[in-house]
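*Asks:* I would like the atomic coordinates for the input below:
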Amino acid sequence: MACRRSFQSFRRFHYYFSSAFSQVSSSLLCCGFSHTYGYMFHAYSSLAQQLLDEISQPNFPDFHNVIRRHSDERSFTQVLQVYASMLSHGFLPNGSTLNFIIKACTALPALSFGWAVHAQAVLLGFEAATFIQNGIIVMYARFREIATARAVFDKLANKDVVSWTSIMSGYVQNGYPFDALQIFRTMRIDSTVIPDFIALVSALKACMDVGDLEQGSSVHVLVVKFGVEDEPDLLTTLIAMYAKCGQVHVARYVFDQVTSPEPLLWNAMISGYAKNGNAEEAVDLFKEMVARNVQPDSITLRSAILACAQVGCLEAAKWIWGSANANGFESDMFVSTAVIDMFAKCGSMALAHSVFESIPKKDVVVWSAIIMGYGLHGQVKEAIELFHGMILSNIQPNDVTYVGLLSACKHSGLVEEGRRYFYSMKEHAIEPRHQHYACLVDLLGRSGHLEEAFMLIREMPMAPKVTVWGALLNACRIYSNVELGKYAAEQVFAIEPTNAGHYVQLSNIYACFGMWKDVARIRVLMKERGAKKPMGFSSIEINGKLQSFYAGDKSHSRSMEIYAMLDKLEAKLKKFGFLPHIDLVLHDVGHEEKEVSLRNHSERIAIAYGLISTPPGTTLRIIKNLRACVNCHSATKLISKFEQREIVVRDANRFHHFKHGLCSCGDYW
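*Replies:* Residues are numbered from 1 along each chain as shown. Here you go, the predicted structure:
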């Protein structure tokens, strides 16, 4: 099929190849070559062409040398220009010339011209020339004609390592990693070809794409066996493959074997840490990179920024932004946008907004990032003002913009505004996605409009995902709606049977009514389905360092001081009339045991540690991996009042800024 199409292409263009130069130029335009390139073909503007013009009767070596010179300079348009002129003078190419022409067709948007060159190569007897056919395989793969590339590969009698590598790379580049791995297996079993480092890179990329750790490890063995473990591209791909498969410790082992890692290796390792949730390690490695005077690039910075946003450490965020400025990235739009998100997630909208204001030409991604930040902090007024400022600046919002806007509304309980913005999305040709539905369901549900939230779910044009049902389940927990809560729970159990958080939500509903048998039944169900409740922890930033605590944690070297402070806080809380919400303890135990359990939550321990570790008046910054519980939220408000501290808490959903006995969320979260 591919061969027939090639011959048809050749017949169509044969006349033009053998005609005058102007006719060839016209044919290029007809086959899809842009008018700009067509004009350049007529221009005779290159130095090489001028040299040819000075020769009264140029011969084949003259044309070939000029083509080679243009190819070496990557002046691919001129390569085809001179080639067309050569054909018009009656000279046919040799194999070396054709190689340059195929390379030029691959680099330029000249697939139709490439078909004709392929046909010409066949008619000139180069069908069995491996080095020519390899280039043709690469060309077809480059233009997503992977089936044609495979047809050329299959017909090739003498396949060398470049042939196998070219088709493998083509499959990987076109999104067919399983086919690439099948080709790699065939090469290893049915041929005597030994893969070079480029073939091994392609195999590793395919393993990475499909998450095949076992085969990736086998390829690693071949890397060592063939003695190419020092190739930078291989090392980078190995690190990325192990990180993608969740084996960051192995990736780090590979990284540590390199004495002087190149920037690409640092990028791969830092990115691997960030994407696997090892945010602190990513930030520490970035600091090490800077300390070793390795110049970071935009990718390195964005990976470090992503990691810092996950950690939530404001001091580290300031340091990274300073490093970005010192390395000349203050005007990099991608870096600046990531920094806005980082500062927002590290608790400082003031810094996020200052970066936003410093960007001269703001696109929709920049506007969306700042609106998302304000939404995360529940600062709905600022989010709405920015949204309208964006519209006035003639920047059309996208779906991410609306996620930020709806998040701000849901965190502030603005039901009417949330409804209006949700239904106005279509005015900007944006169809609501699951995230938008989840935001509105959450907003309606937490405002007490459970039936409306349920009806919205039933009217969704797509099947509701776990975020939507989870939002309804959470609302049922808040309003103790057992029947609707049971129904919502059944839906999330069906989608995520091993996510313990959903079972805990339903258990909370049962516990509020003292339905301990049902609580016990849920526990049994969790055990049967292998659902384990994640260990809750809270981290506090002290002098730019994070210290993490678990509930009842006594492992810290200052544990006695921490618990002494907890006792003092408990006494002050009782003096202020604080009553613990003991109904939130799921165990059917005594009143006193419930009180002890609640006051030893990780957030309370982190606050106590912060109070004994910082001077009076210092802001405490805490990051929780779970949602803040009602008991700790109420207690933290009072602690901020009698300790005269601002306490900033980032939980799994949003930020809470506690000050003077109040929380920025207005007790709505």
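*Asks:* which one is Phe276 nearest to, not counting chain neighbours?
*Replies:* For the record, residue 276 is Asn, not Phe. Val248 (4.9 Å; Cβ to Cβ, 6 or more residues apart in numbering). All C-beta spots, glycine's among them, are computed from the backbone N, C-alpha and C.
*Asks:* What about that neighbour, how many residues nearby?
*Replies:* 22 (other Cβ atoms under 10 Å).
*Asks:* And for the one 5 residues further on?
*Replies:* Counted with other Cβ under 10 Å, the neighbours of Tyr253 add up to 12.
*Asks:* before we move on, what about the one 10 residues further on?
*Replies:* Counted with other Cβ under 10 Å, residues neighbouring Pro263 total 16.
*Asks:* got it, and Tyr140?
*Replies:* Neighbour tally, Tyr140, other Cβ under 10 Å: 27.
*Asks:* which ones are touching it?
*Replies:* Tyr140 is in contact with Ala2, Gly114, Ile146, Thr148, Ala149, Val152, Gly170, counting by Cβ atoms under 8 Å, 6 or more residues apart in numbering.
*Asks:* can you tell me the helix or strand for it?
*Replies:* helix 130-142 (DSSP states H and E).
*Asks:* pretty sure the residue nearest to Asn276 is touching Tyr273, no?
*Replies:* Yes. Val248 is in contact with Tyr273 according to Cβ atoms under 8 Å; the separation is 6.1 Å.
*Asks:* Name the residues contacting each of those two.
*Replies:* In contact with both Val248 and Tyr273: Glu281, using Cβ under 8 Å, 6+ apart.
*Asks:* still on that earlier bit, quick one: distance of the helix holding Tyr140 to the chain centre.
*Replies:* Remark: helix 130-142 is offset 32 Å from the chain centroid, using Cα atoms, centre = their mean, to the nearest Å.
*Asks:* Pull that helix out as CSV, backbone CA atoms only.
*Replies:* Taking C-alpha atoms only, helix 130-142 is exported to CSV below (Å, rounded to 0.1, in the frame of the first residue of the first chain):
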residue,chain,number,x,y,z
THR,A,130,19.5,0.4,4.2
PHE,A,131,20.9,3.9,5.0
ILE,A,132,18.4,5.5,2.5
GLN,A,133,15.4,3.5,3.8
ASN,A,134,16.3,4.3,7.4
GLY,A,135,15.9,7.9,6.7
ILE,A,136,12.6,7.3,5.0
ILE,A,137,11.3,5.4,8.1
VAL,A,138,12.3,8.4,10.3
MET,A,139,10.6,10.8,7.9
TYR,A,140,7.3,8.9,7.8
ALA,A,141,7.3,8.5,11.6
ARG,A,142,8.0,12.2,12.0
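*Asks:* Poorly predicted segments of the stretch 1-150 of the chain, please.
*Replies:* Filtered on pLDDT under 70, the stretch 1-150 of the chain yields the residue ranges 1-56.
*Asks:* any idea how far Lys244 is from the spatially most central residue of the chain?
*Replies:* For the chain, the residue nearest the mean C-alpha position is Lys275 (7.7 Å; Cα atoms, centre = their mean). From Lys275 across to Lys244, the span is 8 Å (Cβ to Cβ, to the nearest Å).
*Asks:* So which bits of stretch 271-280 are buried?
*Replies:* Across stretch 271-280, burial judged by 16 or more other Cβ atoms under 10 Å covers Ser271, Gly272, Tyr273, Ala274, Lys275, Asn276, Asn278, Ala279, Glu280.
*Asks:* list the contacts for the second one?
*Replies:* With contact taken as Cβ under 8 Å, 6+ apart, Gly272 is in contact with Ile239, Ala240, Tyr242, Ala243, Lys244, Val248, Ala251.
*Asks:* With secondary structure and pLDDT added, can I get those residues in TSV?
*Replies:* Putting the contacts of Gly272 into TSV (DSSP: H, G, I helix; E, B strand; the rest coil; pLDDT from 0 to 100) gives the following:
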residue	secondary structure	pLDDT
Ile239	helix	93
Ala240	helix	92
Tyr242	helix	94
Ala243	helix	91
Lys244	helix	89
Val248	helix	94
Ala251	helix	95
